[in-house]
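Trainee: Build me a model:
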Amino acid sequence: MCTPAAGGRGRVRLNVGGRVFETTAATLAAAGRDTMLGAMLDPSWNPAAAGVDAQAEYFIDRDPACFAVLLDLLRTGDLHVPPHVPEGVLCREALYYGLLDRVRAARWSELDGDRLRLAASVPGRSPGDGTAVRAAPDGGCCVAHGGAVRVYNWVLEERRPVHLDHAPVNDAAYLDASTLLVAARERSGAGRRDGGGVAAFSALTGEIRHRFRVSHGRQARSFTPGALAFDMDCKIFASCKGRLNEYGVAAWDRATGGQTDFFYEPPACALGEADRLQWLDGTETLMVATMFPRTDSSFISLLDFRGRNVVWSWSDVGTPASLEDKHAVHAIVLEDGRSVCVVNQYDDLGFLDLRSNAGGVRWRSRSKLTSGKKVHTAEETCYPKLATHGGQLFASTSDGISVFSGPDHALTSTLRASDGGAICDFSIGGDRLFALHNEENVFDVWETPPMPII
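Mentor: Numbering: from 1, shown residues only. The predicted structure is shown next:
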């Protein structure tokens, strides 16, 4: 990589692909010791850098146009990409120098729902059959289309997809930036152990890494998983519906892939059909939500796997007749861990107190807060979804996403940009928000621009 030559003290000459750059050692050192440029001048990594007359010129056999962009980023903190520099190539070069995180940080700031701006709209491959969108930790995402999951890196270049041999996908989740967890339901007429279940795939190559099995009475059983979740330690969870009434929630060890537990569905507590799971760190419990229209009524439970107890539960069974046409269609535990937010098919927000089993939903109509609200029709298939991030609550509303802030969850912003139709799903992660539209199967990418440098 390096060819020494003479140079002045504190100044460094770099010949990158035949083009000479001159900068200061301080500028390169600011990249950090964990980067190639920072290590190049660190005596711990490069003994030649310890002397007063250290090597002052290096030859690096890489792309000079991209290096010019990266050097300017180190000098100014701003990222200016000329039109002739492909973003994918720039990211490849940034990865080589160890500057990819710095490039991403210059592209967007930590996500703030009130400052989000539309960055891109990506057309889908199979109009009308998008099931779910999931944000990756590194700013990429995946989109489930029938029996395939299409994977995009953070510059929105499509990687090799995950194919499940026509088994429809119910849910997907990123264990980490390189590992994708997929839950697929069994095909009609499939064999007892074929065409369904939970598996881990490489998000880079689409190849399967491990299939998670469920056993009852020490015998492996075929099952259809619904929703996925995992804790911060080492467990993976999935709601499961078996062929012999083995309904409940399975747990696996993330490191070994072996089944560690199965929480069987107790009476009057729908678990196997659950379409929403959420792990709660504060109480070390798992929220399991089975929502309308998957079932006639909605059920929410908190499971303690350690004591094998249902520690909290709620259902809208027995709702008064005047309200029976309103059903909770999605649920999320708020970040304070004290309450559950639910939303019904008419976009009304409701709140449940996790500290009490006796209270009902405190509904708050959003029609007074949102102008131009579209009414859901009987044929509407895209029900509202919820998410939380950084103390803010996000709720999809037909073709937009509403942002609620503060302890009283006041409406502070509305995101609406694409003409792809109603939003069937959205996801937040990697400091981005991804919204999947149903009609055209387009997903929008929202980012928070960096604050101006004064």
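
Trainee: Name the spans of the chain whose pLDDT lies under the cut-off.
Mentor: Screening the chain residue by residue with the criterion pLDDT under 70, one finds the ranges 1-9, 42-56, 125-129, 187-195, 318-325, 358, 365-381, 418, 453-454.

Trainee: Which helix in it has the most residues?
Mentor: Ranked by residue count and defined by DSSP state H, the top helix of the chain is helix 64-76.

Trainee: Quick check: beta-bridge partners of Val169?
Mentor: Beta-bridge partners of Val169, counted by DSSP bridges, are Ala184.

Trainee: about what we covered before: from the contact counts, what lies against the longest helix of the chain?
Mentor: For helix 64-76, the contact count by 3 or more CB pairs under 8 Å, 6 or more residues apart in numbering; DSSP states H and E identifies strand 11-16, strand 19-24, helix 25-29, helix 87-97, helix 100-107 as packing neighbours. C-beta here means a position set from N, CA and C on the backbone, and glycine is covered the same way.

Trainee: quick one, that helix and strand 19-24 angle?
Mentor: If you take axes from the mean of the first three to the mean of the last three CA atoms, to 10 degrees, helix 64-76 sits at 10 degrees to strand 19-24.

Trainee: Show me which positions of helix 64-76 end up buried.
Mentor: Of the residues in helix 64-76, 64-71, 73-74 count as buried by neighbour count, 16 or more other CB atoms under 10 Å.

Trainee: Output the helices and strands packed on helix 64-76 in JSON lines, with distance to Ala251 and mean neighbour count appended to each entry.
Mentor: As requested, the helices and strands packed on helix 64-76 are exported to JSON lines (distance: least, CB to CB, whole Å; neighbours: other CB atoms under 10 Å):
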{"stretch": "strand 11-16", "distance to Ala251": "51", "mean neighbour count": "19"}
{"stretch": "strand 19-24", "distance to Ala251": "53", "mean neighbour count": "13"}
{"stretch": "helix 25-29", "distance to Ala251": "47", "mean neighbour count": "17"}
{"stretch": "helix 87-97", "distance to Ala251": "35", "mean neighbour count": "17"}
{"stretch": "helix 100-107", "distance to Ala251": "33", "mean neighbour count": "18"}
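
Trainee: hmm, who's touching the longest helix of the chain?
Mentor: For helix 64-76, the external contacting residues (CB atoms under 8 Å, 6 or more residues apart in numbering) are 14, 16-19, 21, 23, 27-28, 30-31, 37, 60, 78-82, 84-85, 89-90, 93-94, 97, 99, 102-103, 106, 453.

Trainee: Strands of the stretch 151-300 of the chain, start to end?
Mentor: In the stretch 151-300 of the chain, strands defined by DSSP state E, counting those that start in this stretch lie at 162-163, 169-176, 179-184, 197-202, 208-212, 214-216, 219-221, 223-230, 235-242, 247-253, 259-264, 276-280, 285-290, 299-304, listed in chain order.

Trainee: Quick check: can you name the pairing partners of the shortest one and their directions?
Mentor: Strands adjacent to strand 162-163 in the sheet, as given by DSSP bridges, are strand 148-152 (antiparallel).
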